[in-house]
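Participant: sequence isn't available, so here's the structure alone:
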C-alpha cells in the first residue's frame, strides 16, 4: 500500500475531491478569521487600554451568530449552500479590506473596529451553517466523524496558522499588515469554495421573509422536541460559556505576565496547536466507544486546562495551558457536532447547525463581554478559575444524573431507540 492509499485509509473523507476543496476553504477562511481576531484584539487594547473594549469587539462579531445565524441556516436549507457560503465570504473580504485601509491611513478608532467586527460577523454567521451543512453532503455517513474532525482541524487549528504569520507581522509592521494578510488569505478560501462541484439538491423556492421566519421557528421546535439535541446543545452552552470565553482576557493576562504582544500571540497560537493535535487524533478514531471515552476526557480536561492558565505565573505555563485548552476544547466541540450531525435530517441541517452555532457563539460573546468588563476591576485569574471549576462540576453531575449522557460516554452514540417527541 503506497503512502497516498494509506492516508486515504486512515482519513477516508479525503477520498472526496469536493471535500478536499471544502477543507481548503475552511482552513484559509478560519486562518483569516483568527489573524483578524489577533490584530483586532491587540489594536483595540492599544487604542483603549481596556479589556472591556476587547470584549466588546469580540462580542460585536460573535453576536451575529445570534442575530443572523438562524436566518442564514433557514436560507441554507432553501438555496444552494455553496452559493450562500461564497456570498458570505465576500462580505468578510470587504470588511477586512476596509479595516486594513483605515488602519494604514491612521484614521482607525475603536468604534471603527467594533463596527467592522459586526460586518465581519455577518459574513461568518451566514457562511457557517452553509459550510457545515455542505460538509455532510460531501461524504457518506460512515465517514462523518472523520470529516467533522478534519473540519475541526481547519477551524481550530488555523488559530495556529493565522496568528503564526499574523503575530510576526503584528510585532514588526503593525495591525494594518495583519488585516491585509487576512484579506489575502480569504481570497484563497473563496477560490477553493468556488471550485466545489456539488450543488444542493433542493427545490427552487422563493426565499420570502415570512417563509424564512417560519423555517427558523421549525428549526427551534425540532431542536426542542429531540431530547438528544437538547442535551448536546445544552452541554455546548455551558462548555462555551465557562471554558471558551477567554478571548477578552488574554491581552491583560499577557500584560500581567510581562509578556506583551509576544506572549499574547504565543497563547493564541498555543490554542491552535493544541486544537490541531486534538482534532487530528479524534479524526483517526473510527469506533464509537473510543469516541465516548474521548468526550469524557476532553469534557473534564477543558476545565483543567483553564485552571492551568488561570494559575500560571510565567508565560511558559500560560502557553502550556493554552495548548491544553485548544486540544480539549476543539475535540469536545468536534464530537458534539458529530452527535448533532448524526441525528438531524438533511432538510433541517442548516437550521439546526445554525442554532448550534448561535448557542455556542452567542453565549461565548456575552460571557466574553462580561468578563472583559470585570477583568478591568477584579483581574483575569478569578474569571478563569471559578468558571472552570463550575464547568467540571456541571459536567460530572450531568454524567452521573442524565442517562442519555452516560450512554453517549459509554457507547459513543445515543441509544437507537431514542426517538423525537415530534
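Facilitator: Ah, there it is. All values reported here derive from a predicted model rather than from experimental measurement.
Participant: from here on, just use CA atoms for contacts and neighbour counts.
Facilitator: OK.
Participant: which stretches in this structure count as strands?
Facilitator: For the chain, no strands are identified by DSSP state E.
Participant: show me the shaky parts of it.
Facilitator: Along the chain, the parts satisfying pLDDT under 70 run over 1-10, 155-172, 200-211, 286, 416-422.
Participant: which helix in it runs the most residues?
Facilitator: Counting by DSSP state H, the longest helix found in the chain is helix 17-48.
Participant: how far is it from where the chain is centred?
Facilitator: What separates the centre of helix 17-48 from the centre of its chain is 11 Å, taken as C-alpha atoms, centre = their mean, to the nearest Å.
Participant: which neighbouring elements make contact with that helix?
Facilitator: Packing contacts for helix 17-48, counted by 3 or more C-alpha pairs under 8 Å, 6 or more residues apart in numbering; DSSP states H and E, involve helix 51-62, helix 110-138, helix 144-172, helix 175-194, helix 250-256, helix 260-283.
Participant: kindly recompute the last result at 6 Å.
Facilitator: When contacts are defined as 3 or more C-alpha pairs under 6 Å, 6 or more residues apart in numbering; DSSP states H and E, helix 17-48 sits against helix 144-172, helix 175-194.
Participant: give the buried residues for it.
Facilitator: Using 16 or more other C-alpha atoms under 10 Å as the burial criterion, the residues of helix 17-48 that qualify are 18-45.
Participant: give me the angle between that helix and helix 175-194.
Facilitator: Angle, helix 17-48 to helix 175-194, by axes from the mean of the first three to the mean of the last three C-alpha atoms, to 10 degrees: 160 degrees.
Participant: could you tell me the angle between helix 17-48 and helix 260-283?
Facilitator: With the same axes, to 10 degrees as the basis, helix 17-48 and helix 260-283 are set at 160 degrees to each other.
Participant: compute the inter-axis angle for helix 17-48 and helix 110-138.
Facilitator: Counting by the same axes, to 10 degrees, helix 17-48 points 160 degrees away from the direction of helix 110-138.
Participant: now for residue 331, how many residues are close by?
Facilitator: Summarising burial for residue 331: neighbours were counted as other C-alpha atoms under 10 Å, giving 33.
Participant: shouldn't it be in contact with residue 280?
Facilitator: No: in this structure, residue 331 sits apart from residue 280 without contact. The criterion is C-alpha atoms under 6 Å, and the distance is 8.8 Å.
Participant: any idea of the angle the longest helix of the chain forms with helix 51-62?
Facilitator: An angle of 150 degrees separates the directions of helix 17-48 and helix 51-62 when computed by the same axes, to 10 degrees.
Participant: quick one, helices of the stretch 301-422 of the chain?
Facilitator: Along the stretch 301-422 of the chain, counting by DSSP state H, counting those that start in this stretch, helices occupy 315-343, 349-378, 381-401, 403-411.
Participant: report how many residues lie close to the residue nearest to residue 264 when sequence neighbours are not counted.
Facilitator: With sequence-adjacent residues excluded and distances taken as C-alpha to C-alpha, 6 or more residues apart in numbering, residue 264 is closest to residue 254, at 5.3 Å. A count of nearby residues for residue 254, using other C-alpha under 10 Å, gives 22.
Participant: ok, residue 70 next?
Facilitator: Neighbourhood size, residue 70 [other C-alpha under 10 Å]: 31.
Participant: residue 312 contacts residue 319, correct?
Facilitator: No: taking C-alpha under 6 Å as the definition, residue 312 is not a contact partner of residue 319, at 8.9 Å.
Participant: more crowded one of these two?
Facilitator: Neighbours around residue 312 and residue 319, counted as other C-alpha under 10 Å, are more numerous at residue 319. The numbers are 24 against 18.
Participant: around the spatially closest residue to the more buried one that is not a sequence neighbour, how many other residues sit close by?
Facilitator: Once flanking residues are discounted, residue 319 sits nearest to residue 267: 4.8 Å by C-alpha to C-alpha, 6+ apart. Under the neighbour criterion other C-alpha under 10 Å, residue 267 is assigned a count of 30.
Participant: go on, residue 231?
Facilitator: A total of 18 residues lie near residue 231 under the criterion other C-alpha under 10 Å.
Participant: please report how far the residue nearest to it when sequence neighbours are not counted lies from residue 258.
Facilitator: Ranked by C-alpha to C-alpha, 6+ apart and with sequence neighbours excluded, the top spatial neighbour of residue 231 is residue 405, at 7.6 Å. Note on residue 405: its distance to residue 258, by C-alpha to C-alpha, to the nearest Å, is 42 Å.
Participant: same drill for these two, tell me which one is more crowded.
Facilitator: The neighbour comparison of residue 405 against residue 258 (other C-alpha under 10 Å) goes to residue 405, with 23 against 13.
Participant: could you measure from the more buried one over to residue 398?
Facilitator: When distance is defined by C-alpha to C-alpha, residue 405 is 7 Å away from residue 398.
Participant: again, but for residue 285
Facilitator: 25 Å.
Participant: and residue 131, by the same measure?
Facilitator: The separation that residue 131 has from residue 398, given C-alpha to C-alpha, amounts to 31 Å.
Participant: the more surrounded of these two?
Facilitator: Of the pair residue 131 and residue 398, residue 131 is the one with more neighbours under other C-alpha under 10 Å, namely 25 against 16.
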